[in-house]
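Engineer: With the input below, show me the fold.
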Amino acid sequence: MDDQNKNLLLATLLSLLVIVVWLYVFPSPEPDPALDAATDTTADTTTEPVTGDTAVTPGTAGDPAATGDPAAVADADAATAEDATPRIKIETPAVVGSISLRGGRLDELSLRNYHESLDPGADIVDLLRPTGGAKPYYALFGWAPGAGLTPDTVPGANTIWSAEEGATLAPDSPVTLTWDNGAGLTFRREISVDDKYMFTVTQSVENTSGDAATLAPYGIIARHGLPTNLKNFFILHEGAVRMTDGELTETDYDDFETATAHENITVSSQGWTGFTDHYWMTTLIPVTNSGFTMSTFRDTRRDIYQTTVKQPALTLAPGESSEVTTQLFAGAKEWETIREYQEAGVDKFDDSIDWGWFFFLTKPIFALLHWLNSVIGNMGWAIIALTLIIKLVLLPLAYKSYVSMAKMKELQPQMEKIKERAGDDRQQLQKEMMALYKKEKVNPASGCLPILLQIPIFFSLYKVIFVTLELRHAPWFGWLRDLSAPDPSSLFNLFGLLPWSAPEPGTILALIFIGILPILLGISMWLQQKLNPAPTDPTQKMIFAWMPWVFMFMLGSFASGLVVYWIANNTITFTQQYAIMRSQGYKPDVFGNIMSSFKRHTGGADDTTQKPKSGDDKS
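Structural biologist: Down below sits the predicted model:
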């Protein structure tokens, strides 16, 4: 085997290795599993701030003595008492749930417009959940006691608030909770919600006692244990997310600081913090011009993850009152909705969507895809339209590439003569080849440029399809009901003609018995190859013959939306290359190349060689 063949074989093996690593690191999207119905009897252990002098710090879910921070731990009976606690209903076009009057916590919230799966009658997605059930997850607000106050003089995690009987929180109907500590401090909490996912919590306190009172407002989002539907994929961030004066910080669950050694981050102007899942998010957004601090940590003893916003302490003289406002986003990461909140003042809120390293590509690609979907009304056709637009943008480069390829075909007879003259003299071969390229003004490397540009676009589109909510459960037509998931059809049951189910996604059988889209992908790659004659070298010929089918199985488990893009890309590329090569006087013999691939030859490599037509045969 000569050096050229060795290099080609090595390049092919490296390409396959890249795809195998890609499949391992960036596995295909999976549908969200249903939440675990198992009961978690963990007591409510979220804590609140207590006494401090001028720096008032919310406590942790851990033991105060162990953490070194003053903290008040909720009663052990909180979980069982929760069932009997009065609640305020939440009813909006986007969410449904309730607020518990125990602690005034927002701890029950489901998303009306999103279901756990595509199955008929599937439950809507639960976002927040109360203690006493599976995986408690909730938001808690309060005041940390300062000098002169004790923990029982401020509302705590288990304080029972009062509210108007029969009140329901709705977009046009806020609710107000009240609590009087019996010692001259009256606390109020007004909660409002828009028609989407933004809650506004305004906490106020009035001092009617004869003494000054120092206290500080805070907000906490607490999560008991890891999410049940944690993807844990390298391509997707899940965990804490924080914006600090324009700087984004993402913290995986494995990287949470402990309650005893966490850092308080000072924010001078704008910021927000919370938890982000694959498609859902809860975020605290203080509305203040005086700065605040944020912290993210984990109580390892009780396995509680917590993110906190702490606002500066206030000192109220007798007769004075004060109020602070914090917004809480709790809902789906809809790009359009998040951008509306960003335009309304939430700093860089669209960065809460994990755009990745290629954000400069993923953001505009998704914006264009979203617009196309709004115009066309179908995400599958929008992906095809996006592919066409990308190919049109890259057309000038593609034109130069295909013109160069056509000229290379014309030079093939001269190149063969040079190889015969040079024999084993590699230096002479390279010298004469370069002289020929220079004379004919041909750049042999120009054909690689469109391929190199496709790589970051392919990665970015994969990111867009995997991460963005708009692709979740997005149908195209027929059996393709979710473009963020692999093609559900399978050779195993002849695409549904046989009376048994297709193999489960992720199994070896599913990898072997691929669906319709991967097969179309393989065919489109194979047809694209047939624009050119088969290589004269047997080794090269074998590698090129197998490559489309190897890629077909490799890419078969990718999101069907990405496969749709790749099929459309191959089809448009085939059309472009054919038309451009024809315009340069070279007529690809596609049918002849196809027929030659089915023939059995015994006379050696030359039997399958097809050289460009010349003279009057060009058309």
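
Engineer: all contacts plus neighbour counts: C-alpha atoms, from now on.
Structural biologist: Noted.

Engineer: Let me see the ranges of the helices in the stretch 501-619 of the chain.
Structural biologist: 508-512, 516-529, 538-554, 560-583, 590-598 (DSSP state H, counting those that start in this stretch).

Engineer: name the helices or strands packed onto the second one?
Structural biologist: Pointing back at helix 516-529 there. Applying 3 or more C-alpha pairs under 8 Å, 6 or more residues apart in numbering; DSSP states H and E, we find helix 516-529 packed against helix 538-554, helix 560-583.

Engineer: so which of those helices is the most packed in?
Structural biologist: helix 560-583 (a mean of 20; mean count of other C-alpha atoms under 10 Å).

Engineer: what is the orientation angle of that helix with helix 590-598?
Structural biologist: 120 degrees (axes from the mean of the first three to the mean of the last three C-alpha atoms, to 10 degrees).

Engineer: for helix 560-583, packing partners?
Structural biologist: helix 379-393, helix 395-410, helix 449-467, helix 516-529.

Engineer: gap between the two ends of stretch 335-352?
Structural biologist: 10 Å (C-alpha to C-alpha, to the nearest Å).

Engineer: looking at the helices and strands packed on helix 560-583, which is closest to Thr85?
Structural biologist: Closest to Thr85 of the helices and strands packed on helix 560-583 is helix 449-467 (C-alpha to C-alpha; 38.0 Å).

Engineer: Output that closest one as CSV - backbone C-alpha positions only.
Structural biologist: Coordinates of each C-alpha in helix 449-467 appear next as CSV, following Å, rounded to 0.1, in the frame of the first residue of the first chain:
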residue,chain,number,x,y,z
LEU,A,449,-13.5,24.6,2.8
PRO,A,450,-17.3,24.0,2.6
ILE,A,451,-16.8,20.8,4.5
LEU,A,452,-14.8,22.6,7.2
LEU,A,453,-17.5,25.3,7.5
GLN,A,454,-20.2,22.6,7.8
ILE,A,455,-18.6,21.2,11.0
PRO,A,456,-19.3,24.1,13.4
ILE,A,457,-22.7,24.6,11.8
PHE,A,458,-23.5,20.9,12.3
PHE,A,459,-22.4,21.1,16.0
SER,A,460,-24.4,24.3,16.5
LEU,A,461,-27.5,22.9,15.0
TYR,A,462,-27.1,19.8,17.1
LYS,A,463,-26.9,22.0,20.2
VAL,A,464,-30.0,24.0,19.1
ILE,A,465,-32.0,20.9,18.5
PHE,A,466,-31.0,19.2,21.7
VAL,A,467,-31.2,22.2,24.1
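
Engineer: buried ones in it?
Structural biologist: Pro450, Ile457, Phe459, Ser460, Leu461, Tyr462, Lys463, Val464, Ile465, Phe466, Val467 (16 or more other C-alpha atoms under 10 Å).

Engineer: Same question for stretch 356-364.
Structural biologist: Neighbour-count burial for stretch 356-364 [16+ other C-alpha under 10 Å]: Gly356, Leu361, Thr362, Lys363.

Engineer: Identify, from those, the entry nearest to Ile383.
Structural biologist: Distances from Ile383 to the buried residues of stretch 356-364, taken by C-alpha to C-alpha, are shortest for Thr362, at 13.8 Å.

Engineer: and that closest one, what element?
Structural biologist: In the assignment (DSSP states H and E), Thr362 maps to helix 359-376.

Engineer: the inter-axis angle of that helix versus helix 379-393?
Structural biologist: Going by the same axes, to 10 degrees, helix 359-376 makes 120 degrees with helix 379-393.

Engineer: Which strands and helices lie in contact with helix 359-376?
Structural biologist: Against helix 359-376 (3+ C-alpha pairs under 8 Å, 6+ apart) you get helix 379-393, helix 449-467.

Engineer: For Pro155, find the nearest of those helices.
Structural biologist: Closest among the helices and strands packed on helix 359-376, using C-alpha to C-alpha: helix 449-467, at 39.5 Å.

Engineer: From the chain's centre, how far out is the closest one? Work that out for me.
Structural biologist: 15 Å (C-alpha atoms, centre = their mean, to the nearest Å).

Engineer: what about the strands in the stretch 51-200 of the chain?
Structural biologist: 71-72, 87-91, 95-100, 105-115, 124-128, 137-145, 168-169, 175-180, 185-193, 198-207 (DSSP state E, counting those that start in this stretch).

Engineer: partner strands of the third one, parallel or antiparallel?
Structural biologist: Strand 95-100 has its sheet partners listed here by DSSP bridges as strand 87-91 (antiparallel), strand 105-115 (antiparallel).

Engineer: one step back: I'd like to know which of the helices and strands packed on helix 560-583 lies nearest to Glu263.
Structural biologist: Per C-alpha to C-alpha, nearest to Glu263 of the helices and strands packed on helix 560-583: helix 449-467, 29.4 Å.

Engineer: Geometric centre of the chain: which residue is closest?
Structural biologist: Val467 (2.1 Å; C-alpha atoms, centre = their mean).

Engineer: so that one sits right up against Thr362, yeah?
Structural biologist: No. Proximity of Val467 to Thr362 does not meet the contact threshold set by C-alpha atoms under 8 Å, at 10.3 Å.

Engineer: Common neighbours of the two, please.
Structural biologist: The contact sets of Val467 and Thr362 overlap at Trp355 (C-alpha atoms under 8 Å, 6 or more residues apart in numbering).

Engineer: looking only at pLDDT, what's the mean for the helix holding Thr362?
Structural biologist: On average, the pLDDT along helix 359-376 is 95.

Engineer: tilt between it and helix 449-467?
Structural biologist: Using the same axes, to 10 degrees: helix 359-376 against helix 449-467 is 70 degrees.

Engineer: where's helix 359-376 relative to the chain centroid, distance-wise?
Structural biologist: Remark: helix 359-376 is offset 14 Å from the chain centroid, using C-alpha atoms, centre = their mean.

Engineer: before we move on, back to that, quick one, which of the helices of the stretch 501-619 of the chain gets closest to Ile390.
Structural biologist: Here helix 560-583 is closest among those (C-alpha to C-alpha), at 9.0 Å.

Engineer: which residues touch that closest one?
Structural biologist: In contact with helix 560-583 (C-alpha under 8 Å, 6+ apart) are residues 380, 383-384, 387-388, 391, 399, 402-403, 405-406, 461-462, 465, 480, 482-487, 517-518, 520-521, 524-525, 527-528, 531, 555-556, 587-588, 619.

Engineer: what does stretch 491-507 give?
Structural biologist: Residues contacting stretch 491-507 (C-alpha under 8 Å, 6+ apart): Pro486, Pro488, Ser489, Ser490, Leu509, Ala510, Phe513, Ile514, Gly515, Ile516, Ser557.

Engineer: residues in contact with the spatially closest residue to Ile516 that is not a sequence neighbour?
Structural biologist: Distances taken as C-alpha to C-alpha, 6 or more residues apart in numbering place Ser489 nearest to Ile516, at 6.3 Å, with adjacent residues excluded. Ser489 is in contact with Trp479, Phe495, Gly496, Ala502, Ile514, Gly515, Ile516, counting by C-alpha under 8 Å, 6+ apart.

Engineer: same check, this time on Val467
Structural biologist: Leu236, His278, Tyr279, Ile353, Asp354, Trp355.

Engineer: got a pLDDT number for it?
Structural biologist: 92.

Engineer: now do Pro217
Structural biologist: pLDDT, read off for Pro217, is 94.

Engineer: tell me the SS of it?
Structural biologist: strand (DSSP: H, G, I helix; E, B strand; the rest coil).

Engineer: Could you do the one 4 residues further on as well?
Structural biologist: What three-state DSSP gives for Ile221 is strand.

Engineer: and the closest residue to it other than its chain neighbours, how many neighbours?
Structural biologist: Counting by C-alpha to C-alpha, 6+ apart, Ile221 lies nearest to Ala139, which is 4.4 Å off, once chain neighbours are set aside. For Ala139, the count of nearby residues is 28 (other C-alpha atoms under 10 Å).

Engineer: cool, the one 5 residues further on as well?
Structural biologist: By the measure other C-alpha under 10 Å, the count of residues near Ala144 is 31.
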